[in-house]
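Chemist: Sequence first, predicted coordinates after that:
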Amino acid sequence: MTDATIVFGLAWGDEGKGKVTSQLAASGKFDMVCRWAGGNNAGHTIYKGGKKYKTHLIPSGVFYGIPSIIGPGCVIHWDSFLDEIEYLKSSGFDTSLVKISPRAHIVLDEHIEDDIRNLSNHLGTTSKGIAPCYAAKAFRSGLRVEDVKEIKEMGFVWDEILGEKILCEGAQGFWLDMDWGNYPYVTSSTTLPYGACSLGFSPKDVSSIIGIAKMYDTRSGEDPDFPISLFENEELEKLANLGSEFGVTTGRRRKVNYLNLDKLIKAIRVSGADSVILNKADILEKANIFKLFHNNELKQFKNIEFMKRYIRNNIWSYDIKTNIRFSSNPEKI
Ligand code: IMP
Ligand code: MG
């Protein structure tokens, strides 16, 4: 019997999921950590033993000696995967814990070329070949892990046996989902927590859904909801600098805006998050800027406590049974 805890992004990615999953993985309560969607378009930042690590595809269980699964809904660029394995091995981690679903699809170099040529400019993709690979999957012309003899011989193929207590690590976020995001400014996979069931368990096996957001919004990549003019706002620039809002995967500067509470509430309701963690409260405090959009109006608060209370009250008034926590620490909740 599997009992699943799902951590996922409530916004546009970059919410601090890596911090939350690594703290949960370190708790010793989980016997498996799994990724269910995306590829190396993601970027996870993990602090361990005073050191900062960056991964793109490999789940954070490997930092804590826990079997780490890349699920059937993921896509893998093989050379990038091996580079990541090398990086983790040379940092002293046991990479034999990493397993990949035989059903996962392979990102080919031609997918990357196609992404760079046809998508990256107008959609601001990460140029990792993600959309062309998922397109090939949908068109039934894709190449799967189980089709590649050398990969099978390397011992990375997962036997599809799930642990009893599994932690599912989301990638990207609610508003980048194919169905819920601002299409076509979306990624190519299911970022909502129900997508985790593609790992091979039933929705009935989910015991906890933890949504991660930030106290302000950020967007890497093109999106008409995040116009370029946001770069010209001094306050938002201050937040971007204090919050180091640069992409882990692409190095691009992220567009920053005040928290959109209407969108956050919608994401909580649709996804069914029963816990919500709002990161980077410390950045608002450092900047001394306490604003958010609600009912399409910009609201301003005297200090962080007033802003937190407003968020709590308004999420509760929608009758969502959600625990809300605010975090002011880059390394833990
Ligand atoms: P793709 O996933 O590379 O096709 O990119 C599609 C959109 O999703 C672009 O706007 C990217 O910037 C965005 N995106 C993809 N992965 C991430 C992520 O991990 N964090 C933030 N944005 C992402
Ligand atoms: Mg990320």
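Modeler: Sure, I can see it. Numbering: from 1, shown residues only. Ligands and ions are numbered 1, 2, ... in the order given.
Chemist: Just the closest residue of the chain to ligand 1, please.
Modeler: Ranked by CB to the nearest ligand atom, the top residue of the chain for proximity to ligand 1 is Gly221, at 2.1 Å. C-beta here means a position set from N, CA and C on the backbone, and glycine is covered the same way.
Chemist: For my notes, confirm that residue occurs in a strand.
Modeler: No. Counting by DSSP: H, G, I helix; E, B strand; the rest coil, Gly221 falls outside a strand, being coil.
Chemist: Pull the number of nearby residues for the residue nearest to it when sequence neighbours are not counted.
Modeler: Nearest residue to Gly221, sequence neighbours excluded (CB to CB, 6 or more residues apart in numbering): Gly124, at 3.5 Å. Residue neighbour count, defined by other CB atoms under 10 Å, stands at 18 for Gly124.
Chemist: wait, isn't Cys74 in contact with Asn40?
Modeler: No. Judged on CB atoms under 8 Å, Cys74 makes no contact with Asn40 at a distance of 9.6 Å.
Chemist: Which residue of the two possesses the greater neighbour count?
Modeler: Remark: of Cys74 and Asn40, Cys74 carries more neighbours, 28 against 24, as counted by other CB under 10 Å.
Chemist: how much space between that one and Ile130?
Modeler: 10 Å (CB to CB, to the nearest Å).
Chemist: Show me whatever sits in contact with both of those two.
Modeler: Gly38, Gly39 (CB atoms under 8 Å, 6 or more residues apart in numbering).
Chemist: can I have the helix or strand Asp217 falls within written out in PDB, keeping just the CAs?
Modeler: Assigned by DSSP states H and E, Asp217 belongs to strand 216-219. Extracted in PDB, the C-alpha atoms of strand 216-219 (Å, rounded to 0.1, in the frame of the first residue of the first chain):
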ATOM      1  CA  TYR A 216       5.300  37.900  -4.500                       C
ATOM      2  CA  ASP A 217       4.900  36.500  -8.000                       C
ATOM      3  CA  THR A 218       7.700  35.800 -10.500                       C
ATOM      4  CA  ARG A 219       7.700  34.600 -14.100                       C
END
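Chemist: What is that strand packed up against?
Modeler: Using 3 or more CB pairs under 8 Å, 6 or more residues apart in numbering; DSSP states H and E, the elements in contact with strand 216-219 are strand 255-260.
Chemist: so how many other residues sit close to Phe231?
Modeler: 13.
Chemist: wait, it sits on Lys255?
Modeler: Yes. Contact between Phe231 and Lys255 holds when scored by CB under 8 Å: they sit 6.8 Å apart.
Chemist: thinking again about what came up before, now the common contact residues for Cys74 and Asn40.
Modeler: By CB under 8 Å, 6+ apart, the residues touching both Cys74 and Asn40 are Leu57.
Chemist: so the residue of the chain closest to ligand 1 makes contact with Leu123?
Modeler: Yes. Using CB under 8 Å, Gly221 is in contact with Leu123, at 6.9 Å.
Chemist: Which of those two has more residues huddled nearby?
Modeler: Gly221 (22 against 16).
Chemist: give me phi/psi at the more buried one?
Modeler: phi 100, psi 170 (degrees, to the nearest 10).
Chemist: And for Trp12?
Modeler: Here Trp12 shows phi and psi, under degrees, to the nearest 10, equal to phi -110, psi 30.
Chemist: go on, Gly43?
Modeler: Torsion angles, degrees, to the nearest 10, at Gly43: phi -150, psi 120.
Chemist: got a list of what the residue positioned nearest the centre of the chain touches?
Modeler: The chain has Ala171 as the residue nearest its centroid, 2.8 Å off, counting by CA atoms, centre = their mean. Listed by CB under 8 Å, 6+ apart, the contact set of Ala171 reads Gly9, Gly13, Lys17, Arg35, Ala37, Gly38, Asn41, Ala42, Ser189, Thr191.
Chemist: follow-up on the earlier one: tell me, what's touching Gly221 and Leu123 both at once?
Modeler: Tyr185.
Chemist: re earlier: need the max-distance pair from the contacts of Ala171.
Modeler: Greatest spatial distance in these: Lys17 and Ser189, 14.7 Å, computed using CB to CB.
Chemist: higher neighbour count, those two?
Modeler: Set Lys17 next to Ser189 and count neighbours by other CB under 10 Å: Lys17 wins out with 27 against 24.
Chemist: From what I see, the more buried one and Ile6 are in contact.
Modeler: No. Taking CB under 8 Å as the definition, Lys17 is not a contact partner of Ile6, at 10.7 Å.
Chemist: Next, show the common contact partners of those two.
Modeler: Gly170.
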